[in-house]
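Peer 1: Pasting the sequence and the predicted coordinates here, then a few questions.
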Amino acid sequence: MKNYNFLKAGLAFVTALAFNVNSQAQIKANQTVANASINNSTAFLDASSSTTWNGSSTLGKGILFPRTDLTQLVLTNNGSYLPANNPNRFDGIIVYNTGTGNTPGTGSGIGGQAVVPGFYYFSNPGSPTATTTGQWLPVGTSPKISIGTAETLTNTSIGNAPIYAIKGTFAATGSSTAVNIPSPTGMTGMYGITIYKTGTNVVYDRSLYSYTLGTSAGNAITGSPSMSVVYPSGTYDYVLEYLK
């Protein structure tokens with residue numbers, strides 16, 4: 001029994017020592033790490049000119065951001081999302097994404113967003129209690145987004161409103177300016193449409209005369225306000241860009 005107690009005490013000491021070393025190694029600042037210093041400085045942490053670590057004030061250090069796979073990541077705390085423990089709803093969290101594919105639909109924002117390796121931040125300013133409306137947005141000069149037949153969040157936005165895109169196909173009769181392009185779920189306005197011949201990537205039109213929202217077939221009429229386009233009979237691809 002005494003040996004057992006001695007072992008327990010030894011393990012507790014090693015654990016405490018390891019925790020203390022790790023905790024001290026995680027933070028280094030060129031200011032005193034104290035409440036008064038933090039309160040009186042705009043910078044919460046400044047390690048840019050620590051001569052103790054860098055050797056001189058001109059020798060810098062880099063920050064390695066957390067790496068994660070956004071096709072797998074679920075935003076939780078204590079095993080589930082708790083608003084009281086996370087009042088900012090993860091709004092503003094930055095990660096370096098290593099995965100390629102779509103974000104999962106549960107606990108990861110709106111879900112189904114196409115992502116590729118690169119820096120992303122979670123934008124969730126509209127919901128006070130949940131993460132379901134949040135979006136993973138590319139940071140800065142983000143990688144190109146491949147647009148497919150599922151709703152895709154693009155790198156473009158108007159103000160704070162992101163632009164979505166979706167790819168589809170329609171058949172033209174050769175006798176009408178109207179083409180039946182379904183309105184995506186939740187679409188509130190048109191941003192742009194590109195129509196090109198299937199298999200050739202030849203763009204036929206990049207303008208829109210009219211579009212009917214909220215119908216199963218949007219019945220888009222392409223062309224400028226003074227003219228419209230009658231497509232020769234055949235199959236065409238389109239990329240529809242829109243607001244929600």
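Peer 2: Yes, it's here.

Peer 1: Walking through the chain, point out its helices one by one.
Peer 2: 2-26, 35-39, 51-54 (DSSP state H).

Peer 1: mind listing what's buried in the strand ranked longest in the chain?
Peer 2: Of all the segments of type strand in the chain, defined by DSSP state E, the longest one is strand 161-172. Residues 162-166, 170, 172 are the ones in strand 161-172 that count as buried (16 or more other Cβ atoms under 10 Å). (C-beta placed from N, C-alpha, C; glycine too.)

Peer 1: swap in stretch 174-181?
Peer 2: 177-179, 181.

Peer 1: In strands only, show me these.
Peer 2: 178-179.

Peer 1: Which of the buried residues of strand 161-172 sits closest to residue 109?
Peer 2: Minimum distance to residue 109 across the buried residues of strand 161-172 is 11.6 Å, recorded for residue 162 (Cβ to Cβ).

Peer 1: list the contacts for that closest one?
Peer 2: Residue 162 makes contacts with 135, 137, 153-154, 156, 244, as judged by Cβ atoms under 8 Å, 6 or more residues apart in numbering.

Peer 1: would you list the residues you listed in a markdown table and tack on neighbour count, pLDDT and distance to residue 190?
Peer 2: Listed next are the contacts of residue 162 as a markdown table, based on neighbours: other Cβ atoms under 10 Å; pLDDT from 0 to 100; distance: Cβ to Cβ, whole Å:
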| residue | neighbour count | pLDDT | distance to residue 190 |
| --- | --- | --- | --- |
| 135 | 19 | 83 | 20 |
| 137 | 17 | 84 | 21 |
| 153 | 24 | 77 | 17 |
| 154 | 18 | 80 | 14 |
| 156 | 14 | 78 | 14 |
| 244 | 15 | 83 | 12 |
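
Peer 1: separation between the closest residue to residue 156 other than its chain neighbours and residue 191?
Peer 2: Distances taken as Cβ to Cβ, 6 or more residues apart in numbering place residue 163 nearest to residue 156, at 4.3 Å, with adjacent residues excluded. Distance, residue 163 to residue 191, using Cβ to Cβ, to the nearest Å: 5 Å.

Peer 1: which residues do the two both contact?
Peer 2: The contact lists of residue 163 and residue 191 share 156, 241-243, where a contact means Cβ under 8 Å, 6+ apart.

Peer 1: Please check the residues you listed and keep the buried ones.
Peer 2: 241-242.

Peer 1: Which one of the shared contacts of residue 163 and residue 191 is nearest to residue 68?
Peer 2: For these, the nearest to residue 68 is residue 156 (24.4 Å; Cβ to Cβ).

Peer 1: so what's the closest one up against?
Peer 2: Residue 156 neighbours (Cβ under 8 Å, 6+ apart): 162-163, 191, 241.

Peer 1: which residues touch residue 185?
Peer 2: Contacts of residue 185 (Cβ under 8 Å, 6+ apart): residue 151.

Peer 1: picking that back up, settle this for me: the residue nearest to residue 156 is touching residue 242, isn't it.
Peer 2: Yes: between residue 163 and residue 242 there is a contact at 7.2 Å, judged by Cβ atoms under 8 Å.

Peer 1: between those two, what contacts are shared?
Peer 2: residue 191.

Peer 1: so what are the domain limits for this structure?
Peer 2: 1-58, 64-145, 161-243 (automatic domain parsing).

Peer 1: Lowest average pLDDT across those domains?
Peer 2: Looking at those, the lowest mean pLDDT belongs to domain 1-58 (a mean of 51).

Peer 1: Burial check on the closest residue to residue 121 other than its chain neighbours, number of neighbours?
Peer 2: Leaving aside its chain neighbours, residue 121 sits nearest to residue 94 (4.8 Å; criterion: Cβ to Cβ, 6+ apart). Neighbours of residue 94 under the rule other Cβ atoms under 10 Å: 11.

Peer 1: mind listing the strands for this protein?
Peer 2: Going by DSSP E, the chain shows strands at 67-68, 94-97, 101-102, 114-115, 118-123, 135-138, 152-158, 161-172, 178-179, 189-197, 203-205, 208-210, 220-222, 234-243.
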